[in-house]
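Undergrad: Any chance you can model this:
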Amino acid sequence: MKSRTLYIALIVAVAAATFAVAMLLVNVSERRQEARQTYFPLAKMTEDTVDPAEWGKNFPRQYDGYLRTVDTQRTRYGGSEAFSRLDEDPRLRRIFAGYAFALDYREERGHAYSLRDQDETARTTQRPQPGSCLQCHASVLPAYRQLGGGDIMKGFELLCPKPFSEARKLVSHAIACLDCHDPATMKIRVTRPGFLNGIKALKRKEGIENYDPNTMATRQEMRSFVCGQCHVEYYFSGDRKLVTYPWSNGLKVEEIEAYYDQIGFSDWTHAETGAGVLKAQHPEFEMWNQGIHARSGVACADCHMPYARQGAMKISDHHVRSPLLNVERACLVCHPFSADEMRSRAETIQERNARLLSRAEDALLALYDEVTAAKASGVGPEQLAPALALQRKAQFRADFVNAENSMGFHAPQEAARILGEAIDYARQGELVAARARKR
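TA: Below is the predicted model of the structure:
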């Protein structure tokens, strides 16, 4: 009787184990199928499918992340809350005296706000702006094709010089899926003419002719290039106001400055001193290229759009944001430390650069005071020209770090070097102006 009971128990155990293994195999098979089936084509995507909601029918997980770029979260030195930088740092009103940024300078919000913020800023409502702005603030490819008869580059050249109010009628959505993904293959791509022209000029300096990132770059490079389409330094060139990336000499601040000097370009004339000065835009791509992450092959998307597991699927998190708001997935994948340790390290770098930036801004204001005093005492433009040339150098460097959205984190040593030079040039200019006044 006992042996019979053991025999039955053994049969039951084997059957249960067999069932469990079978269920496991079924589950593994289903997960593998789920991983292979990355999306279900419920809607047809074309080059005219601008609305992200349509893409969301096929890619609900990614679309959910995109929708959350409306979140307004602040970090210690930035984030996505639209606070006024002019109120946070009143010195900026003097630094940008005579320029539109003295009217309105707010922290950038998420991608979903990119067009609305451009519509509402006083820099657009109170100052005339060209259609050039739409290259990075709107999903503008269909407008380029419409104007250019199917030729994006031609359409770009025709849209840039239009008044902003007129060009604005041609677009309907902020930065969207179409701007970074091929609707037929879903591959990431570069679409902005400014970047395509700029990277071609940069690669030419390296001895590579006719560089096209869409056919010649690696996938990992593309995961930075798609961000570098817009997170860059640029200017509006000539009467046609073409969005131009000043990269033919290189990506470092002095190489960009040399480019502007060679073509005799200034963004505006400083209202207090009369110096022809430059306004840095948002040179994240340029600064990141000088840092350890770029040198180590880490792409922008690795930190700002880290991979996430949802079931068996591995996707890039389309809730694009500061890594400091997502340390566990943005940093700890590579760094074997706690989230608090990594956050502390990043904020220490930012704090040190913020202190250097503050010193650079104080030095600029001291230079303005000395130049203004010299002008009031009768010192002429020729005697002040060397001081104003030093102001141009100092101001561009300080603003290069201030406008770059990492407070030095993307390349800490490079940012510190730039700010050290800014302080030095500003103090040199102050001394030159003081000597001219005392003669």
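Undergrad: Flag every buried residue along the helix or strand harbouring L115.
TA: Element membership for L115 (DSSP states H and E) is helix 114-120. The neighbour-count check on helix 114-120 (16 or more other Cβ atoms under 10 Å) flags S114, L115, D117, Q118 as buried. The way it works is simple: take the backbone N, C-alpha and C, and place the C-beta from them, glycine included.
Undergrad: name the element the closest residue to the third one other than its chain neighbours belongs to?
TA: Yep, that's D117 we're talking about. Distance criterion Cβ to Cβ, 6 or more residues apart in numbering; nearest residue to D117, sequence neighbours excluded, is R109 at 5.9 Å. R109 belongs to no helix or strand when elements are defined using DSSP H and E.
Undergrad: Not counting its neighbours along the chain, what's nearest the most centrally placed residue in the chain?
TA: Closest residue to the average C-alpha location of the chain: H231 at 2.8 Å, with Cα atoms, centre = their mean. Ranked by Cβ to Cβ, 6+ apart and with sequence neighbours excluded, the top spatial neighbour of H231 is E284, at 3.9 Å.
Undergrad: Please apply the same query to R91.
TA: Per Cβ to Cβ, 6+ apart, closest to R91 is E361, 4.8 Å.
Undergrad: Would you quantify the distance from the one you found to D182?
TA: Using Cβ to Cβ, to the nearest Å, one obtains 44 Å as the distance from E361 to D182.
Undergrad: Same question for Q229.
TA: Using Cβ to Cβ, one obtains 14 Å as the distance from Q229 to D182.
Undergrad: what about E351, neighbour count?
TA: When counting by other Cβ atoms under 10 Å, one arrives at 14 neighbours for E351.
Undergrad: that older thread, helix/strand/coil for the residue nearest to R91?
TA: Counting by DSSP: H, G, I helix; E, B strand; the rest coil, the backbone at E361 sits in helix.
Undergrad: That one against D89, yeah?
TA: Yes: judged on Cβ atoms under 8 Å, E361 makes contact with D89 at a distance of 7.3 Å.
Undergrad: Out of the two, name the residue with the larger neighbour count.
TA: Neighbours per residue, other Cβ under 10 Å: of E361 and D89, the larger number sits with E361, 24 against 15.
Undergrad: List the residues that contact the more buried one.
TA: Contact partners of E361, counting by Cβ atoms under 8 Å, 6 or more residues apart in numbering, are D89, R91, L92, I95, A398.
Undergrad: Which ones among those residues lie within helices?
TA: Among the contacts of E361, the members found in helices (DSSP state H) are R91, L92, I95, A398.
Undergrad: Next, find the distance separating the nearest residue to the second one once chain neighbours are set aside from I95.
TA: Leaving out its chain neighbours, the residue that sits closest to L92 by Cβ to Cβ, 6+ apart is L86, at 5.4 Å. According to Cβ to Cβ, L86 and I95 sit 10 Å apart.
Undergrad: before we move on, what about E255?
TA: Applying Cβ to Cβ, the value for E255 to I95 is 23 Å.
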